[in-house]
Each structure stands twice: as structure tokens, then as C-alpha cells.
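**Q** Sequence below, structure please.
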Amino acid sequence: MTAPTIGLPRLIRPSRTRLGAAGRSWALWTGASLLALLILTAIVATFWTPYPPTASGVGLLQDAPSLAHPFGTDGLGSDVLSRTMAAAKTDVSITVLVVLMALVVGTVWGSLAGFFGGAFDYITMRILELLNSFPSLLLAVLVIAVAGSGIANVIFVVAVLPLPDYVRLARAEIRSKKEYQFAEAARLVGRGPFGVLFAHLVPNSLRPLLTYASVNASYVASTVGALGFLGLGIQPGSAEWGSMIAQGQDAILSGQWWISGFPGLAIFLLAAAFHLISDAIADLRDQGSAA
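**A** Alright, predicted model coming up:
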């Protein structure tokens with residue numbers, strides 16, 4: 001009878017999977033927390049701000065941050081914190097609405113083109129090529145310059161810019177899956193074309209579309225701010241982060257950084273929140289594909 005052997009204790013190291021999961025968790029929770037904070041700020045601003053956002057002369061002109069005005073005041077004596085809070089309602093709402101519109105329209109349009117093909121698919125691709133032939137921001141500037149500023153025009157234009165990407169992605173997903181066994185099984189049990197498409201194919205194609213939507217939201221937040229900075233956003237005088245940055249840009253050189261700094265930080269946080277969420281979703285998608 002041989003004596004039992006006693007092995008050395010195995011060195012336990014954190015696996016890549018665990019480290020990856022921790023990284024995804026950090027990115028997801030950080031992004032979600034930032035987004036929740038901005039959404040909460042927008043909701044609170046609907047009912048309360050420290051001072052009326054459009055009121056001037058509530059403090060000294062270009063007064064530095066203080067207890068009375070934590071974000072300081074601008075060139076008209078308006079409270080920057082109140083205006084930043086009110087602008088959150090505008091910028092966050094526009095960003096979310098634009099992404100939802102582009103996601104829904106692009107998914108339906110691309111799914112129909114990918115499933116039925118033919119002339120509709122051909123016309124779709126030519127329209128997408130036409131839209132992609134113009135630089136995105138230049139197209140937005142031209143359309144708003146002609147149609148005029150305002151929330152409705154900004155939402156429409158910024159929603160059209162990423163639409164070709166949603167359509168192409170949905171089209172590719174449907175084309176690759178429409179001959180899968182689950183789609184054939186749905187046809188065999190009597191499902192019609194639209195039933196197969198929208199009850200089976202589209203739900204199984206949403207993951208990459210949602211991943212792209214979270215990436216696109218970061219771009220949309222920056223674009224809305226850029227249009228406001230150029231004076232092509234909502235009506236002048238309304239609280240909007242991009243226009244607030246433009247109003248305070250000249251004061252930066254004389255040391256009044258807070259007029260543009262805090263609205264700029266808000267845009268950065270909104271874009272960063274969506275970027276972190278998109279990274280976490282993409283990692284989860286890659287892990288699911290590898291499994």
C-alpha cells in the first residue's frame with residue numbers, strides 16, 4: 001500500500017474571466033450611475049431649480065462659484081447651476097428621443113429591406129449611399145440653417161444622421177438569420193412573412209442593434225451640444241449646454257471658466273455614461289458569442 005501523496009497548495013490567481021467581469025461591472029455601474037444622476041437632475045429641474053433658469057441679475061455678473069451660486073453666474077448674472085440643471089432636461093431628453101427614433105425606424109426599415117430584398121432593398125441601399133455621401137455635421141448644419149432652429153428640427157436632423165448605420169446593421173442581421181432553423185420552423189407552423197420577421201427574426205437580432213444604440217447615444221449627445229454651440233440648436237435664450245458653452249467662451253480667457261466649464265462637464269459626463277455602458281454591453285456580447 002503506497003502512502004498518500006500530499007501536493008503543494010495551488011496558487012490561486014484571478015482568472016481573466018473574473019477580471020473581465022469586474023471590469024464590465026465597473027463600466028456598467030459607473031455609466032449607469034452617471035446616466036441616472038443626469039436623468040434625476042433633469043427630472044428635478046422640471047419642478048425646482050435654485051433660481052429661475054432664464055432670470056438675469058440674480059447675482060453679480062460673472063461671479064465666481066460661491067455658497068449662494070455653487071456654479072457661479074454668467075455674463076447676465078444668471079445662475080449657472082440653475083441653467084445647467086434646466087439644460088439637462090433639454091439635452092438628455094433630446095439624446096434619448098433621438099436614439100429611440102433612429103433605433104426604431106432603422107430597425108424596421110433595415111429588417112424589411114433585408115427580409116424581402118428586391119427593388120425595396122435596392123432603393124434602400126441607394127438612399128443610404130446618398131445620405132452617407134455628406135459629412136454628418138455639415139448635413140445637420142445645412143438642414144437646420146434652411147429649416148430653422150428649434151427642438152423639433154434638431155431632433156429630426158440628429159435622428160437622420162445615424163439612420164443609415166441602423167438600417168445597414170438591421171439589414172445584415174436579418175439577411176444572415178432569415179434561413180436559420182428557427183425561422184424555417186416558424187414558417188412550417190403557418191407564420192406569415194411579417195410574423196416570421198417581427199416575432200422571430202427581429203427579436204433575435206436586437207443585441208447588436210442595442211449595442212450600437214448605446215454607442216450612438218454618446219455621439220448624439222456630443223452632436224446636440226455642437227449644434228447648440230454653433231447657434232443651431234434650440235431657440236436662443238433657452239437653457240442648453242452647447243449654447244451655454246458658446247456664451248461663456250470669451251470669458252474663459254479672462255478667467256471666468258465656470259460659465260462654459262460646468263456645461264461642458266455635463267456634456268462630457270453624458271457622453272461618457274453612454275460610452276461606458278456601450279463598452280460593458282459589447283463585452284457581454286463578445287462573451288456570449290465566445291460561449
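**Q** by contact count, what packs against the longest helix along the chain?
**A** When the chain is parsed with DSSP state H, its longest helix is helix 80-116. In terms of contacts (3 or more Cβ pairs under 8 Å, 6 or more residues apart in numbering; DSSP states H and E), helix 80-116 is packed against helix 16-47, helix 118-132, helix 151-160, helix 163-177, helix 206-229, helix 241-252, helix 258-290. No exception for glycine: its C-beta is placed from N, CA and C like everyone else's.
**Q** Look up phi and psi at T73.
**A** Dihedral pair for T73: phi -130, psi 160, per degrees, to the nearest 10.
**Q** From what I see, it and G59 are in contact.
**A** Yes. Between T73 and G59 there is a contact at 4.2 Å, judged by Cβ atoms under 8 Å.
**Q** quick one: contacts for A119?
**A** Residues near A119 by Cβ atoms under 8 Å, 6 or more residues apart in numbering: none.
**Q** try G75
**A** L61, Q62, Q247, G248, A251, I259.
**Q** ok, the first one - how many residues close by?
**A** When you say that, I think you mean L61. The tally of other residues near L61 (other Cβ atoms under 10 Å) stands at 13.
**Q** so it makes contact with S78?
**A** No. The pair L61 / S78 is not scored as a contact, 9.6 Å apart, by Cβ under 8 Å.
**Q** Quick check: A221 touching V96?
**A** No. Applying Cβ under 8 Å, one finds A221 not in contact with V96, separated by 9.7 Å.
**Q** of these two, who's got more company?
**A** Neighbour count, other Cβ under 10 Å: between A221 and V96, A221 has more, with 30 against 17.
**Q** Please read off the pLDDT at that one from the model.
**A** Per-residue pLDDT puts A221 at 92.
**Q** Contacts only, for the nearest residue to V80 once chain neighbours are set aside.
**A** Excluding the flanking residues, the one nearest V80 by Cβ to Cβ, 6 or more residues apart in numbering is F71, at 3.8 Å. Neighbour list for F71: P65, D79, V80, L81, T84, W258, F262 [criterion: Cβ under 8 Å, 6+ apart].
**Q** how about a cut-off of 10 Å?
**A** 50, 64-65, 79-85, 258-259, 261-263, 265 (Cβ atoms under 10 Å, 6 or more residues apart in numbering).
**Q** Over to F120?
**A** W109, L112, A113.
**Q** Surely the last one and T107 touch.
**A** By that I understand A113. No. Contact criterion Cβ atoms under 10 Å: A113 and T107 do not qualify, at 11.0 Å.
**Q** Quick check: neighbours shared by the two?
**A** By Cβ under 10 Å, 6+ apart, the residues touching both A113 and T107 are V167, A170, R171, I174.
**Q** how far away is the spatially closest residue to P164 that is not a sequence neighbour from V160?
**A** Counting by Cβ to Cβ, 6+ apart, L128 is the residue found nearest to P164 once chain neighbours are left out, at 4.3 Å. According to Cβ to Cβ, to the nearest Å, L128 stands 11 Å off from V160.
**Q** Then P52?
**A** Taking Cβ to Cβ, one finds P52 at 34 Å from V160.
**Q** neighbour-wise, which of those two wins?
**A** V160 (18 against 13).
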